[in-house]
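A.B. asks: Okay, sequence plus prediction incoming.
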Amino acid sequence: MRTPTYRKYPITYEKKNKTIEEPSSQTELIIDLSLSAAVGIVAFAFLKGVVFGYILGKK
């Protein structure tokens, strides 16, 4: 419970305690990537777009 102190603007909400839940019930998906893996994925997507754009430009 909060300690009653004087505040210029009163707090109008309560923070919800985050508890550790079962992994199957989590709604967020967190992926931990290294920097080199992230750069590789971005480079692959960029090169794929360049090749695709080149193929479409030839037609």
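C.D. replies: Looks like it arrived, so ask away.

A.B. asks: So what touches the particular helix or strand that has F52 in it?
C.D. replies: Using DSSP states H and E, F52 sits within helix 35-58. For helix 35-58, the external contacting residues (CB atoms under 8 Å, 6 or more residues apart in numbering) are L33. All C-beta spots, glycine's among them, are computed from the backbone N, C-alpha and C.

A.B. asks: gap between it and the chain center?
C.D. replies: Distance of helix 35-58 from its chain centroid, counting by CA atoms, centre = their mean, to the nearest Å, is 22 Å.

A.B. asks: cool, stretch 9-16 as well?
C.D. replies: For stretch 9-16, the distance to the chain centre is 26 Å (CA atoms, centre = their mean).

A.B. asks: could you measure A38 against A45, distance?
C.D. replies: Distance of A38 to A45, computed by CB to CB, to the nearest Å: 11 Å.

A.B. asks: At the geometric centre of the chain, which residue do we find?
C.D. replies: I30 (7.1 Å; CA atoms, centre = their mean).

A.B. asks: OK, contacts around R7?
C.D. replies: Contacts of R7 by CB under 8 Å, 6+ apart: none found.

A.B. asks: All set now, cheers.
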